[in-house]
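Undergrad: Starting from these lines, generate the structure:
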Amino acid sequence: MSTQAQNNQSIEECVRASLESYFSDLGGEIPSNMYDMVLRLVEKPLLDVVMSQADQNQSRAAQWLGLNRNTLRKKLLEHEML
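TA: Residues are numbered from 1 along each chain as shown. The predicted structure follows:
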């Protein structure tokens, strides 16, 4: 897929394509803990981009994310982003 086509994909389409690729790469092996894995892998870039767009302002980022500022701070610490 071309870079331009990838840029036009929705987040949902990107996640779907990544998951399909993940299953393909498993080669028939049975996955485990996928829910936690996907949330962890999506959450970190989400936090990174939102914090960048909010100029590292945790209160603003928390508001944009619909989170309590303390919850955001906890998640940033969990992902070693502070």
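Undergrad: so who does the residue lying farthest from the centre of the chain touch?
TA: Farthest-out residue of the chain from its mean C-alpha position, per CA atoms, centre = their mean: residue 28, at 25.4 Å. With contacts defined as CB atoms under 8 Å, 6 or more residues apart in numbering, residue 28 has no neighbours. Bear in mind the C-beta positions are built from the backbone N, C-alpha and C, glycine included.
Undergrad: What strand or helix carries it?
TA: Assigned by DSSP states H and E, residue 28 belongs to neither a helix nor a strand.
Undergrad: Give me the phi and psi for it.
TA: Dihedral angles of residue 28 (phi, psi; degrees, to the nearest 10) stand at phi 90, psi -10.
Undergrad: quick one: pLDDT of it?
TA: Confidence at residue 28, expressed as pLDDT, is 89.
Undergrad: what stretches of this protein score poorly on pLDDT?
TA: By pLDDT under 70, the weakly predicted segments of the chain are 1-7.
Undergrad: where do the helices sit along the protein?
TA: 3-7, 11-26, 34-53, 58-65, 69-78 (DSSP state H).
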